[in-house]
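[1] Mind folding the following:
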Amino acid sequence: MNGGTRKTTLKMPWAPPSVRARLAQIQAETSPGTDQDLAAGRAAKEELVRDLDRTGLILYAGTNQISAAVAAAHHPQLSARVSCGPPGDPAKTAGFAAVPQLEVLEVLAARAVAATMGAHHADVRVPSATLANLAAYAGLSRPGATIAALPTWAGGHFSHREQGAAGIRGHRVVDIPFNPTRQDVDLDALPSTLAAERPALVILGGAVQLFPNDVGGVVEIAHEHGARVLFDASHPAGLIPGGSFPNPLDEGVDVVTFSTYKSFGGPPGGAIVTRDEEIAERLDVAVFPGLTTNHDVARMLPLQIAAAELLRDGRRYGELCLRTARALADALLDLGLPVMSAARGYTETNQLLIRMPDRTDAEAAVRRCAAAGIYLSATEHCDEHGKGPALRLGTQEVVRRGLGPAEMPEIGTRLAALIAPGRQGSA
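    You can find the predicted model right below:
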């Protein structure tokens, strides 16, 4: 030990060689507590701000640009001001229980989020949608119960699967039957699946959402078989307030969870909404004291403002996200790229997919795009041509930055040159 520093090296011996090598590379030149170590961290932050916020073209579907008003409302010190339990609870004694302004921030943020979804109850204390899902599992099922979810190749998120949050509670996960051509649940096959597997919970939504689902049909069948329905709206949540994506609660879903920082455009975090009072009570207990004690109060005002922005301008924003996605799909098709789901019209949300020959090609294309300052991601999905690797793109951030359908031909040309450099017409 020297001058308050200590040579410490993080190791992950269970990880693949590429992970271990990158971990070692990052740590090789500095030691914790040194000026050099702090300078490396500050330099990385400045480069991120430059490359992503100032010069980058963000087509990654899992992020967004917050507004100036949302950013200005964030006060980091409030994150350390502990708040535990519901407002007005006389049993609250921890932290700043006697400070009423904390409760004002919590209630106004939750109410604003509830309003965006037409909900009667909202919980915004969870720090991510994955934990919102875990809270929903705790509130709607017993540990180890069977749940049904979309497979990952049909857009399902890993937090719905056994390797994610569902597995933490020991849930057995069965696949919801999915029709790749229609990009929707196979309602003809669903009854037999639910009758045979008897899940306590059916989960819709996830990481890829090109089109709305026939949610009402799923809800009717699920309820007939004694299952509740959860819709993970993490990606389309910001499209719902303005009517550009159907509200799952209007279609009978029991609970909706979502991220607050993707299309919703707020600070990082999760939210849970419902119109069912009994379910709300169970979810409340699952969140506190189940999954949280204190929560990040600094998120509350920025989240309230983000929700207010969607209540005021959600229709224009949502419609522009959809029109921009369609324009980008058209531009890529004109350049010969295989945009997925032609049978249904490519997209009716802010997302679109480009089929790739294999996973290696998809990952290489992501790296080429990133090197050129364009950010997107690789995934796996399906359409009328079957399952396969794909590139996933989202338009929510380019819309927030002032771009729209008119700019998509130029962006499509840049993308095509990077994604398929040898394809005729892509240069």
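[2] Buried residues of stretch 320-336, list them for me.
    320-332, 335 (16 or more other Cβ atoms under 10 Å). To be clear about C-beta, it is placed using only N, CA and C from the backbone, and glycine gets the same treatment.
[3] so which of those comes closest to residue 360?
    Nearest to residue 360 among the buried residues of stretch 320-336: residue 332, at 20.8 Å, using Cβ to Cβ.
[4] Ends of stretch 199-218, what's the gap?
    Distance across stretch 199-218, first residue to last, is 13 Å (Cα to Cα, to the nearest Å).
[5] Which parts of the stretch 151-300 of the chain are strands?
    Ranges of strands in the stretch 151-300 of the chain, per DSSP state E, counting those that start in this stretch, are 172-175, 178-179, 184-185, 201-205, 228-232, 255-259, 270-274.
[6] What ranges in the chain fall below the confidence cut-off?
    Low-confidence segments of the chain (pLDDT under 70): 1-5, 92-98, 423-427.
[7] Show me the domain layout of it.
    As assigned by automatic domain parsing, the chain contains the domains 72-306, 313-419.
[8] Save those domains as CSV, and put in distance to residue 45 too.
    Output for the domains of the chain, formatted as CSV (distance: least, Cβ to Cβ, whole Å):
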stretch, distance to residue 45
domain 72-306, 14
domain 313-419, 17
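[9] Residue 25: which of the ones you listed is closest?
    domain 313-419 (16.4 Å).
[10] Ends of that closest one, what's the gap?
    End to end - Cα to Cα - domain 313-419 spans 34 Å.
[11] Spell out the residue ranges of the helices in the stretch 51-200 of the chain.
    68-72, 100-117, 129-140, 165-168, 190-197 (DSSP state H, counting those that start in this stretch).
[12] Contacts for the second one next, please.
    Helix 100-117 is touched from outside by 81, 83, 87-88, 96, 119-125, 237, 240-241, 247, 249, 256, 260, 264, 271, 273, 297, 299-301, 303-304, 307-308, 310-311, 314, with contacts defined as Cβ atoms under 8 Å, 6 or more residues apart in numbering.
[13] Buried residues, stretch 149-169. List them.
    Across stretch 149-169, burial judged by 16+ other Cβ under 10 Å covers 149-162, 164-166, 169.
[14] start to end distance for that stretch?
    15 Å.
[15] and that stretch, how far out from the chain's middle?
    13 Å (Cα atoms, centre = their mean, to the nearest Å).
[16] Now do the biggest helix by length in the chain: distance to the chain's middle.
    Longest helix in the chain by number of residues (criterion: DSSP state H): helix 300-334. Relative to its chain's centre, helix 300-334 lies at 15 Å (Cα atoms, centre = their mean).
[17] cool, and stretch 104-117?
    19 Å.
[18] Buried residues, that stretch. List them.
    Quick answer for stretch 104-117 (16+ other Cβ under 10 Å): 105, 106, 108, 109, 110, 112, 113, 114, 115, 116, 117.
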